[in-house]
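**Student:** Need coordinates for the following:
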Amino acid sequence: MLALAIELIKSGHEIVFCAPPENEELVKRYNCPFVPFGPNYKELFKQNAQIKGGATAAPSPKEMKKETENQISLLPEIMKGSDLVLGVGFVLGVHTAADILKVPYRFFVFYPVLLGTSKYDPFLNRLMFGFGRLMTNLVMKGFINKKRIEVGLQPIKDVWGNWMGDHVIAACDRELNAVREGVSFNFTQTGYMLLKSQSELPENVVKFLNSGKPPVFIGFGSNPVSRPEKFSRVFSEVSKATGQRLVISRGWADLPEENTEDILYVDEVPFELLFPRLAAIVYHGGTGTMAAAARAGIPQAAFPYMADQFENRKQIVKLGLGPDACDFKKISAKAISSAINECVTNENYKKKAQEISQKLINTNGLELTVKLIEDELKK
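**Tutor:** Have a look, this model is predicted:
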């Protein structure tokens, strides 16, 4: 969304960027106006990891209602004067905030699962989505409608439908994760919007890359880890078992920085510069990392933890980009080593990764999304 905001500013639009406070430093680095809003998810993930032994608990009904109430009561003042409101993530109250101001609302998805199922999906998938939609209504519809009536708005019939809005923007690549026709909500698929880095690769990373054969990247993104110190032993075992050098992202887990001759720990690094110089990546299956690896043309293996990550693993296997790895909760040195060995020795994975990379060369999800938004503003 920051990549989109920057491009809209370049096109002459004014932006107000509302996001959880841990994003402030990044957003301001790109000279984008920022308003901190919502809980600090990085800290919540850490706390949940410690309390739940690595598990991220879903928001409780009380937490969901508190955040939704804040969106409805506080955002109208922040959004005043806007011509369009763009929502992403857990924003069940933002459509109502936009309705208060009589401003159009559009929701973004980065993976098709949120758009529901079609008649072509397996019965179990349709049943699970229907159950999730039903439970969301049971927990939230009465609460949201009470707030809407208080501000003179008509009640809604379906929370999920109100969340998605009239026309969803699916900002993910057709080549990686095409939205099937016949899903529950109207959509236009544009493509993934990658944020261009402002920096080069750090000197220590360049030195490590130049000192031997292409390494393998391991990163868990925003996944919480209850005992990060144990992974130092795991990664050491993996390096020895595979004979591979490793670049390891510390991520939100704050993995301990224990560099060796064959293992380099890194914080934030530009994927578009790092990934093309790697042999493969092993990661949590996050949508953004998946898009960057696909463009780099390297094999990948996902150990999913939550949300879109499970669907992304299915796509990796279906497209022949890498092996079928276990869930993150079952991860081990043996499982990671097996995934790495398959990625670096299977020529079919390398071939498919290059083919996907070539298909993505001429795609520009950012350009298509900006055009879609500007067409909306002209209505």
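
**Student:** what residues does stretch 360-379 touch?
**Tutor:** Stretch 360-379 is contacted from outside by 3-4, 7-8, 11, 83-84, 86, 104, 106, 169, 171-173, 175, 188, 190-194, 294-295, using C-beta atoms under 8 Å, 6 or more residues apart in numbering. In short, each C-beta sits where N, CA and C put it, glycine included.

**Student:** So which bits of it are buried?
**Tutor:** Neighbour-count burial for stretch 360-379, with 16 or more other C-beta atoms under 10 Å as criterion, is recorded at 360, 363, 365, 366, 368, 369, 370, 373.

**Student:** Tabulate the CA atom coordinates of that stretch in CSV.
**Tutor:** Only the C-alpha atoms of stretch 360-379 are listed here, as CSV (Å, rounded to 0.1, in the frame of the first residue of the first chain):
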residue,chain,number,x,y,z
LEU,A,360,6.1,-11.3,-14.8
ILE,A,361,8.7,-9.1,-16.5
ASN,A,362,6.1,-7.1,-18.4
THR,A,363,3.5,-6.9,-15.7
ASN,A,364,3.0,-3.7,-13.7
GLY,A,365,0.4,-4.1,-10.9
LEU,A,366,1.1,-0.7,-9.6
GLU,A,367,0.4,1.1,-12.9
LEU,A,368,-2.9,-0.9,-13.4
THR,A,369,-4.0,-0.2,-9.9
VAL,A,370,-3.4,3.6,-10.2
LYS,A,371,-5.3,3.7,-13.4
LEU,A,372,-8.2,1.8,-11.8
ILE,A,373,-8.3,4.3,-8.9
GLU,A,374,-8.1,7.3,-11.1
ASP,A,375,-10.9,6.0,-13.2
GLU,A,376,-12.9,5.7,-10.0
LEU,A,377,-12.2,9.3,-9.0
LYS,A,378,-13.5,10.5,-12.4
LYS,A,379,-16.9,9.0,-11.8
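
**Student:** Downstream of the lowest-mean-pLDDT helix or strand in the chain, the next helix or strand is which one?
**Tutor:** Counting by mean pLDDT, DSSP states H and E, the chain has its least confident helix or strand at helix 41-52, which shows a mean of 58. Downstream of helix 41-52, the first helix or strand assigned by DSSP states H and E is helix 61-79.

**Student:** returning to what we had before: now, of the contacts of stretch 360-379, which are buried?
**Tutor:** Taking 16+ other C-beta under 10 Å as the criterion, what is buried in these is 3-4, 7-8, 84, 86, 104, 106, 169, 171-173, 175, 190-194, 294-295.

**Student:** where in this structure is pLDDT low?
**Tutor:** Low-confidence segments of the chain (pLDDT under 70): 42-59, 222-228, 252-256.

**Student:** quick revisit: go through the contacts of stretch 360-379 and flag which are in helices.
**Tutor:** 3, 4, 7, 8, 175, 294, 295 (DSSP state H).

**Student:** which residues does the residue nearest the centre of the chain contact?
**Tutor:** Centroid check for the chain by C-alpha atoms, centre = their mean gives residue 287 as the closest residue, at 4.7 Å. Going by C-beta under 8 Å, 6+ apart, residue 287 touches 110, 111, 172, 177, 192, 308, 312.

**Student:** ChimeraX command for the buried members of these?
**Tutor:** Here is the ChimeraX command that selects the buried residues among the contacts of residue 287 (16+ other C-beta under 10 Å):
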select :110,111,172,177,192,308,312
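
**Student:** how much space between the residue nearest to the centre of the chain and residue 109?
**Tutor:** 10 Å (C-beta to C-beta, to the nearest Å).

**Student:** Quickly list what's touching both of those two.
**Tutor:** residue 172.

**Student:** For the stretch 101-250 of the chain, just list every one of the helices.
**Tutor:** With DSSP state H, counting those that start in this stretch applied, the stretch 101-250 of the chain shows helices at 123-150, 159-164, 174-177, 203-210, 230-242, listed in chain order.

**Student:** got CSV for those helices, with distance to residue 64 too?
**Tutor:** Shown next, in CSV, are these (distance: least, C-beta to C-beta, whole Å):
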stretch, distance to residue 64
helix 123-150, 6
helix 159-164, 10
helix 174-177, 27
helix 203-210, 40
helix 230-242, 32
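
**Student:** Can you say which of those is nearest to residue 330?
**Tutor:** Among the helices of the stretch 101-250 of the chain, helix 230-242 comes nearest to residue 330, with 12.8 Å by C-beta to C-beta.

**Student:** Okay, buried residues for the closest one please.
**Tutor:** 231, 232, 234, 235, 236, 238, 239, 242.

**Student:** sorry, back to before: just give the nearest non-adjacent residue to the residue nearest to the centre of the chain, would you?
**Tutor:** Closest residue to residue 287 apart from its sequence neighbours, by C-beta to C-beta, 6 or more residues apart in numbering: residue 110 at 4.6 Å.

**Student:** mind checking how far the one you found is from residue 161?
**Tutor:** 19 Å.

**Student:** likewise residue 184?
**Tutor:** Residue 184 is 8 Å from residue 161, by C-beta to C-beta.
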